[in-house]
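Trainee: got a predicted model here, sequence first, then my questions.
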Amino acid sequence: MTAILLCAALLAGCTVPGDGSEPRRSTSMAEADIAKTPGVTARIGRAYDGLTPYLSVNVELSEAFAGDEAALLDHVMAQVWFQDEDAPEKYVTLRVSGPGRTAGTTSAALSSLGINSMKYAGSSVSLTGADLVARYGEWPGAAPMVNQEAIQGTPRAG
């Protein structure tokens, strides 16, 4: 009987975030918004630590990125929080790669935003869902405000 009721509810169009229904805002849309900043690309995806699901965020910075790393990471995490395709579950890992970027520089930038992090693996850091909820509200959050001037900084001469 329970299976019949569940099937009927799904056929009626009931959706729950993270239930596999079509997202209103996909991770690829969030990645595209992040990529509007010169020298920045990002990949957001579901990952597992054993049986524990989490979100993995990889940000790659090229020499073309000349902005403020803290402002960029605030924008990235707001975009991650705004997408509703993959739930963050209990935590998110963040890896920032590029010239001069380490887990230490990433942690320092996050700390300036009031987000705690701890070394996860390699150059990745782990962020708790509770810290992200404190900064961005309940997931999925509202559309982030973007200060492109702070994020982009002054373009470097090529």
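Mentor: Structure received.
Trainee: okay, now the unreliable bits of the protein?
Mentor: Scanning the chain for pLDDT under 70 picks out 1-23, 145-150, 152-158.
Trainee: that one: helices as residue ranges?
Mentor: For the chain, helices defined by DSSP state H occupy the ranges 2-11, 27-34, 69-82, 103-111, 129-136, 148-152.
Trainee: who wins for proximity to residue 52 among the ones you listed?
Mentor: Proximity to residue 52 (CB to CB) singles out helix 129-136 among these, at 11.9 Å. Where you see a C-beta, it was placed from the backbone N, CA and C, and this is true even at glycine.
Trainee: now what about the closest one, what contacts it?
Mentor: Residues from elsewhere that reach helix 129-136, judged by CB atoms under 8 Å, 6 or more residues apart in numbering: 77-78, 81, 88-92, 113-116, 139, 144.
Trainee: what do you get for stretch 41-53?
Mentor: Around stretch 41-53, the neighbours that count as contacts under CB under 8 Å, 6+ apart are 27, 30-31, 34-35, 54-60, 76, 79-80, 83, 86-87, 89-90, 93.
Trainee: swap in stretch 106-116?
Mentor: By CB under 8 Å, 6+ apart, stretch 106-116 touches 69-70, 72-74, 77, 94-96, 117-119, 123, 125, 127-128, 131-132, 134-135.
Trainee: only whichever of those are buried, select them in PyMOL.
Mentor: A single PyMOL command selects the buried members of these (16 or more other CB atoms under 10 Å):
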select buried, resi 69+70+72+73+74+77+94+95+96+117+123+125+127+128+131+132+135
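Trainee: no further questions, thank you.
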